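> structure, please.
(2 chains)
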Amino acid sequence: MTTLAALAPRSDFPLLATNPAMHYLDSAATSQKPAAVLDALRGFYETANANPHRGAYALSAAATDAYHDARATVARFLGVADADCVIFTRGTTESMNLVASSWGRTNVHAGDEIVVTALEHHANFVPWQQLAKATGAAFRIVELTPHQAIDLDALRAAVNSRTKVVAITAVSNAVGAITPIAEVVRIVRAQSSAVIVMDGAQAVPHLPVSFDTMDVDFFAFSGHKMLGPMGIGGLIGKRALLEAMPPFQFGGDMIEWVHDTDSTWNVLPHKFEAGTPNAADAVGLAAAVRYLESLDMVQVRAHELALLELADARLRAMPGVTVYGPPPAERSGVVSFSVEGVHPHDLATIFDQHGVCIRAGHHCAQPLMRRLGVSATARASFYVYSDASDVEALCGALEAAQTMFAVAE
Amino acid sequence: MAEPVTASLATMYQERLLDEYRAPKNRRVMIDATAHAERKNPVCGDAITVMVRVADGRVADVSFTGHGCSIAMASASLLTQVVGQTPVADAKRMASAVEGMLSGAHPATSVALADALEPLRGVIPFPARHGCVLMPWLALREALG
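Alright, predicted model coming up:
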């Protein structure tokens, strides 16, 4: 059997290059960064750093161009023809709060219904839960199939003419289940006039995504999960919705005129980007996009699927190991598992001693953990720099953990 | 004075902690408890309840229930073996010693521990697990008031 090599060389990633014994299997939490991204960050501060939009000198124009070029790059990567509908935010969590606050507070009232799924990350669960509490809307949770995919029959039963919001993940961060988006959109459009709010945090880094063909209303993503810097991400929204909804934050840049008693708002995207923009990290994110484009997202998916199939088969063959989630073909490169007799916390410590970085905990998905009947699982996640040696190290550390915790005869 | 904790010593202590985890002492409900307190860790869902029966200023009986990782369970098991039959003030001092050892405020080797608690030093090189050690001790503090 040929050994699966990394799709992107470890040497491109300074942290991985200086830690050759490390097996980083927590990319679902945050990804490592290629030198190209780090160079872009440094390059902005060294050559184009000024406050975008505000200055009348050449350097400010350079900063403005860099920021807007970054937006255009991201828009192209995500299949958004109307680039001004790509709002830069701090990430998925802020994006979801923006929609819940700005669209939600205006459009959701007592008697309306908000639908989420039991797979949702807290970022796409808690804002809607709290919006429902604040407005008196009903909060309905779509349950899952035995393999922790979204149950489409349950979705059909949950969505009706009173539904105002359907908040749904494109890919589960906890078990990797990939949502059949076209089918979900068909169901929601046929049965309601709800807006579809999609969590793309675990989709954008791992799968080809084209917003304009999906017919969802809002789509959020995070830069740091896709080789980009922390503190930058985005919200994509349909223009009509973004133009109609009130701003999320108020201050500089998002205004047009500020009178003593009232103000008017700037056009998209500025209306939702109050304050000095995070231009540097947007430039870093654009560099990450270019790096991913050089790998080709179809290849990224194929690479992760191959690693996932390898890991899934190896883990399922080990006694006492339970693997969650649907079959590999319906999953992104995330493996969530539990080991009989070994607490996830203990797994993580033993893995750490073997140089294997995994996540043990509730993965910001406590509703899902409850439904699995566990308080925590262990989660390994692959990305472009992962290879077969990472799978070997994962299984080796797991065997070591089982040996250490074996009940004495 | 205890030896500095090297990686190999840490491994050895972990074995001793595993023994406590495999066969924890005093893991039982106490019907005549005079006080109890629970500590939970939302990240991993661990929950430990410590029960005490205090009489004449002494901890006459101590037990624990709950579930958790090997370190939390071992720490709880060791706690019940050193705190029982001691004055309440001594029990509180032992809790402070465990906290002090892990806090890094003083060199860990300068903090004296009851002999039976020495295996807990093995957790010092693993800061992510300090909370696990502390869970039953914080519950004890709360129960003792």
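
> nearest residue to the residue of chain A found nearest chain B in space, please, no chain neighbours.
Chain B sits closest to A:S375 of chain A, with a gap of 2.0 Å, by CB to the nearest CB. Yep, even glycine has a C-beta here, placed from its N, CA and C like the rest. In this structure, A:S375 finds its nearest non-sequential neighbour in B:G45, 2.0 Å apart by CB to CB, 6 or more residues apart in numbering or on different chains.

> cool, B:Y21 as well?
Once its chain neighbours are removed from consideration, B:Y21 has its nearest residue in B:S70; the separation is 4.0 Å (CB to CB, 6+ apart).

> is it correct that B:H36 falls within a strand?
Yes - assessed by DSSP: H, G, I helix; E, B strand; the rest coil, B:H36 belongs to a strand.

> tell me the contacts of it?
The neighbourhood of B:H36, defined by CB atoms under 8 Å, 6 or more residues apart in numbering or on different chains, consists of B:30, B:49-52, B:143.

> number of nearby residues for the residue nearest to B:Y21?
24 (other CB atoms under 10 Å in any protein chain shown).

> roughly how far apart are the residue of chain B found nearest chain A and B:G100?
Residue nearest to chain A within chain B (CB to the nearest CB): B:G45, separated by 2.0 Å. Applying CB to CB, to the nearest Å, one obtains 28 Å for the distance of B:G45 from B:G100.

> rewinding a little: right, and the residue of chain A closest to chain B touches A:H362 too?
Yes - A:S375 is within contact range of A:H362, at 6.8 Å (criterion: CB atoms under 8 Å).

> mutual contacts of the two, please.
Contacts common to A:S375 and A:H362, judged by CB under 8 Å, 6+ apart, are A:369, B:44-45.

> where does the residue nearest to B:Y21 land on pLDDT?
pLDDT, the model's per-residue confidence, is 91 for B:S70.

> what's the answer for B:A112, then?
For B:A112, the pLDDT comes out at 82.

> residue contacts, A:L144?
Counting by CB under 8 Å, 6+ apart, A:L144 touches A:117-119, A:150-151, A:154, A:368, A:371.

> go on, B:E38?
With CB under 8 Å, 6+ apart, B:E38 has these contacts: B:47-50, B:66, B:139.

> redo that, cut-off 7 Å
Neighbouring residues of B:E38 by CB atoms under 7 Å, 6 or more residues apart in numbering or on different chains: B:47-49, B:139.

> check A:A63 too.
Remark: with contacts taken as CB under 7 Å, 6+ apart, A:A63 is in contact with A:48-52, A:279.

> and if we set it to 8 Å?
Under the criterion of CB under 8 Å, 6+ apart, the neighbours of A:A63 are A:44, A:48-52, A:55, A:279.

> between those residues, which has the most around it?
For those, neighbours were counted using other CB under 10 Å, and A:A279 has the most, 24 neighbours in all.

> what separates that residue from A:D69, distance-wise?
Between A:A279 and A:D69 the computed distance is 10 Å (CB to CB).

> equivalent analysis for B:S70, please.
Here B:S70 is placed at a distance of 52 Å from A:D69 (CB to CB).

> with A:S263 instead?
Counting by CB to CB, the gap from A:S263 to A:D69 is 29 Å.

> for B:R27, same thing?
Distance of B:R27 to A:D69, given as CB to CB: 62 Å.

> the more surrounded of the two?
With neighbours defined as other CB under 10 Å, B:R27 and A:D69 compare such that B:R27 has more, 16 against 13.

> is that one in a bridge, and if so with what?
Following DSSP bridges, B:R27 is listed with bridge partners B:F64.

> which residues sit in contact with it?
Residues in contact with B:R27, defined by CB under 8 Å, 6+ apart, are B:63-65, B:73, B:76-77.

> now the helices for chain B?
Under the criterion DSSP state H, chain B contains helices at B:7-22, B:70-83, B:88-103, B:130-144.

> ok, the stretch 151-300 of chain A next?
For the stretch 151-300 of chain A, applying DSSP state H, counting those that start in this stretch gives helices covering A:152-158, A:181-191, A:211-214, A:239-244, A:279-295, A:297-316.

> now what about the helix or strand that the last one is followed by, what contacts it?
Using DSSP states H and E, the next helix or strand after helix A:297-316 towards the C-terminus is strand A:321-323. Outside of strand A:321-323, the residues within contact range by CB under 8 Å, 6+ apart are A:312, A:315-316, A:335-340, A:398.

> how does it look with 6 Å?
Residues from elsewhere that reach strand A:321-323, judged by CB atoms under 6 Å, 6 or more residues apart in numbering or on different chains: A:315-316, A:337-339.

> same question for stretch A:196-214.
With contact meaning CB under 6 Å, 6+ apart, stretch A:196-214 is reached by A:78-81, A:92, A:99, A:124, A:166-171, A:173, A:181, A:188, A:216-222, A:225-226, A:236, A:297, A:301, A:304, A:332.

> any quick PyMOL command for the buried ones out of those residues?
Only the buried members of the contacts of stretch A:196-214 end up in this PyMOL selection, burial being decided by 16 or more other CB atoms under 10 Å in any protein chain shown:
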select buried, chain A and resi 78+80+92+99+124+166+167+168+169+170+171+173+181+188+216+217+218+219+220+221+222+225+226+236+297+301+304+332
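
> now, which of the contacts of stretch A:196-214 lie within strands?
For the contacts of stretch A:196-214, membership in strands holds for A:166-169, A:218-222, A:236, with DSSP state E as the criterion.

> coming back round to it: ok, so of the contacts of A:L144, who is nearest A:G136?
The closest of the contacts of A:L144 to A:G136 turns out to be A:T117 (CB to CB; 21.8 Å).

> neighbour-wise, give me the winner out of the contacts of B:R27.
Of all these, the highest neighbour tally under other CB under 10 Å goes to B:A76, namely 32 neighbours.

> what's near enough to touch that one?
When the contact criterion is CB under 6 Å, 6+ apart, the partners of B:A76 are B:48, B:64, B:136.

> repeat for A:V142
By CB under 6 Å, 6+ apart, the neighbours of A:V142 are A:117, A:154-155, A:158.

> with distance to chain B, pLDDT and neighbour count added, can I get those in a markdown table?
Compiled in a markdown table, the contacts of A:V142 are given as follows (distance: CB to the nearest CB, whole Å; pLDDT from 0 to 100; neighbours: other CB atoms under 10 Å in any protein chain shown):
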| residue | distance to chain B | pLDDT | neighbour count |
| --- | --- | --- | --- |
| A:T117 | 21 | 98 | 29 |
| A:A154 | 25 | 98 | 18 |
| A:L155 | 28 | 98 | 21 |
| A:A158 | 27 | 98 | 22 |
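
> now those in CSV, with distance to B:G104?
Formatted as CSV, these follow (distance: CB to CB, whole Å):
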residue, distance to B:G104
A:T117, 43
A:A154, 50
A:L155, 50
A:A158, 50
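
> low-scoring stretches of chain B, by residue?
Scanning chain B for pLDDT under 70 picks out B:1-13, B:106-109.

> if we can go back for a sec, what is the nearest of the contacts of B:A76 to B:R121?
Taking CB to CB as the measure, B:R121 lies nearest B:P136 of the contacts of B:A76, at 16.5 Å.

> now the closest one: closest residue in space that isn't a chain neighbour?
Of all residues not flanking B:P136 in the chain, B:A76 sits nearest, at 3.8 Å (CB to CB, 6+ apart).

> now swap in A:G136 and tell me
Taking CB to CB, 6+ apart as the measure, A:G136 lies nearest to A:A110, with 3.2 Å between them; neighbours along the chain are not counted.

> centre-most residue in chain B?
The centre of chain B sits closest to B:S75, judged by CA atoms, centre = their mean, with a distance of 3.8 Å.

> can you list the residues of chain B near chain A?
Within chain B, the positions near chain A by CB under 6 Å from any CB of the partner chain are B:43-45, B:69-70.

> residues of chain A that sit close to chain B?
That would be A:343, A:345-346, A:361, A:375-376, which are the residues of chain A within reach of chain B (CB under 6 Å from any CB).

> neighbours around A:W265, how many?
Here the count is done by other CB under 10 Å, and A:W265 has 16 residues near it.

> nearest residue to it other than its sequence neighbours?
Ranked by CB to CB, 6+ apart and with sequence neighbours excluded, the top spatial neighbour of A:W265 is A:K271, at 4.8 Å.
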